[in-house]
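Novice: Fold the following for me, if possible:
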Amino acid sequence: MNSTKRKLGIRPCTWVYLFLITFTFVTSMVGQMGLGGLTVSFLILLLALLKGHLVGYYFMGLGRVKGLWHWPVFIWLFIPGILIGTAFYLTATQA
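Specialist: The predicted structure follows:
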């Protein structure tokens, strides 16, 4: 591997793994602290979508492919994300 792509001697996939662990820890702490509300829900949803994108890009190998292969994972994340976000919004406005 080319050493210029490493940051502080750590490979990019290791950085992504550390970010995934950090995002999971943050999500867990939000749940443990009992935080709620529409803003918190959207931030947690955004973290989940970002985690899905990172997994697809780095660990499923979509970062090295061209063309249509990026779209299935994007759609797989986008459609449920929109539906879940809409459900959060509708629930918050009706309460």
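Novice: Quick check: next helix or strand after the helix or strand Thr27 falls within?
Specialist: Assigned by DSSP states H and E, Thr27 falls within helix 12-33. Once helix 12-33 ends, the next helix or strand along the chain (criterion: DSSP H and E) is helix 38-54.
Novice: ok, now how distant is the residue lying closest to Thr24 once chain neighbours are set aside from Gly67?
Specialist: Closest residue to Thr24 apart from its sequence neighbours, by CB to CB, 6 or more residues apart in numbering: Lys51 at 7.5 Å. Bear in mind the C-beta positions are built from the backbone N, C-alpha and C, glycine included. Look at Lys51 and Gly67: by CB to CB, to the nearest Å, they are 24 Å apart.
Novice: which of the two has more neighbours?
Specialist: Taking neighbours as other CB atoms under 10 Å, Lys51 and Gly67 compare with Lys51 leading, 17 against 6.
Novice: Kindly confirm whether my reading is correct that the more buried one touches Leu20.
Specialist: Yes: the pair Lys51 / Leu20 is scored as a contact, 5.7 Å apart, by CB atoms under 8 Å.
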